[in-house]
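Engineer: Based on what follows, work out the 3D shape:
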Amino acid sequence: NQITISISDPFLNYIDSARMLPGTKEKFGKQPTQDQFLKGVIYYWIKKHAPEVLIEHLNDNVPEISEHNSLKH
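Structural biologist: Residues are numbered from 1 along each chain as shown. Down below sits the predicted model:
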């Protein structure tokens, strides 16, 4: 599956700037790619604001969650 977003160049620059911050590297365990960063931001939002949609015992079956967790280790 693929998601396409329409954003302005200045907003894309904000995303790339945020992705390159030292704190981002600390949170992800490495400098994330743009794809990894966006998936991580979405996962973080869901985890913080809508945790009821995450079923903990299924986390290992969701590739994006497994990837996000592996980046931090």
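Engineer: how about Phe11, phi and psi?
Structural biologist: According to degrees, to the nearest 10, the main-chain angles of Phe11 amount to phi -70, psi -40.
Engineer: Which parts of the chain are strands?
Structural biologist: Assigned by DSSP state E, the strands in the chain number zero.
Engineer: And Ile55, how far from Ile46?
Structural biologist: Note on Ile55: its distance to Ile46, by C-beta to C-beta, to the nearest Å, is 12 Å. From N, CA and C alone the C-beta is placed, and that goes for glycine too.
Engineer: Which strands or helices does the longest helix anywhere in the chain pack on?
Structural biologist: Scanning the chain for the helix with the most residues, using DSSP state H, yields helix 34-49. Using 3 or more C-beta pairs under 8 Å, 6 or more residues apart in numbering; DSSP states H and E as the contact test, the elements touching helix 34-49 are helix 9-19, helix 22-28, helix 63-71.
Engineer: Please list the outside residues in contact with the first one.
Structural biologist: So the one you mean is helix 9-19. When contacts are defined by C-beta atoms under 8 Å, 6 or more residues apart in numbering, helix 9-19 is touched by residues Ile7, Thr24, Gln31, Pro32, Gln34, Phe37, Leu38.
Engineer: same question, stretch 22-34
Structural biologist: By C-beta under 8 Å, 6+ apart, the surrounding residues in contact with stretch 22-34 are Ile15, Asp16, Ala18, Arg19, Met20, Gln36, Phe37, Gly40, Leu71, Lys72, His73.
Engineer: let's see 10 Å
Structural biologist: Identification of contacts with stretch 22-34 by C-beta atoms under 10 Å, 6 or more residues apart in numbering yields 12, 15-21, 36-41, 44, 67-73.
Engineer: Filter the residues you listed down to the buried ones.
Structural biologist: Buried subset of these (neighbour count, 16 or more other C-beta atoms under 10 Å): Arg19, Gln36, Phe37, Lys39, Gly40, His68, Leu71.
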